[in-house]
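Trainee: got a sequence here, can you model it:
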Amino acid sequence: MSKSESPGFTRYLQVAAFKQYEDAISTIESLRSLTGEYRIYLKRKNGFNIIRVGPLMSLKATLRLQIKLSRNGYRDTMIVMT
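Mentor: Modelled structure (predicted):
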């Protein structure tokens, strides 16, 4: 197993969190053309609509997507392990 693999964990990129559901849906629609094969998840937690992309199987794939999203205006993503 390589260092970039994480047994027992699933890796996602958290893209944004919004109070307003409509803002989250609008962001999801704009993300669809950028995320390729990865699914976009909307999770409600503590009053926020949280957008995550994944699951991402390797650190390399995660960083590649993070860079792509950053180049397209999503500069505040973070890696989330669940």
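
Trainee: export stretch 75-82 as CSV, just CAs?
Mentor: Extracted C-alpha coordinates of stretch 75-82, given in CSV (Å, rounded to 0.1, in the frame of the first residue of the first chain):
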residue,chain,number,x,y,z
ARG,A,75,-9.8,28.2,-4.2
ASP,A,76,-10.9,27.3,-0.7
THR,A,77,-11.4,23.6,-1.0
MET,A,78,-10.2,21.3,1.7
ILE,A,79,-9.5,17.6,1.9
VAL,A,80,-11.9,15.7,4.2
MET,A,81,-11.4,12.2,5.4
THR,A,82,-14.4,10.3,6.6
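
Trainee: where do the strands sit along the protein?
Mentor: Secondary structure of the chain (DSSP state E): strands at 11-18, 39-45, 48-56, 78-81.

Trainee: what residues of the second one count as buried?
Mentor: Pointing back at strand 39-45 there. residue 40 (16 or more other C-beta atoms under 10 Å). Using the backbone N, CA and C atoms, a C-beta is placed for each residue, glycine as well.

Trainee: over to the last one?
Mentor: Using 16+ other C-beta under 10 Å as the burial criterion, the residues of strand 78-81 that qualify are residue 80.

Trainee: what is the rounded mean pLDDT of that strand?
Mentor: Averaged across strand 78-81, the pLDDT comes to 96.

Trainee: want to try JSON lines for the strands of the chain, with distance to residue 31 as columns?
Mentor: JSON lines is the format used below for the strands of the chain (distance: least, C-beta to C-beta, whole Å):
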{"stretch": "strand 11-18", "distance to residue 31": "7"}
{"stretch": "strand 39-45", "distance to residue 31": "6"}
{"stretch": "strand 48-56", "distance to residue 31": "7"}
{"stretch": "strand 78-81", "distance to residue 31": "15"}
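
Trainee: wait, which of those is closest to residue 66?
Mentor: Relative to residue 66, the nearest member of those by C-beta to C-beta is strand 11-18, separated by 5.8 Å.
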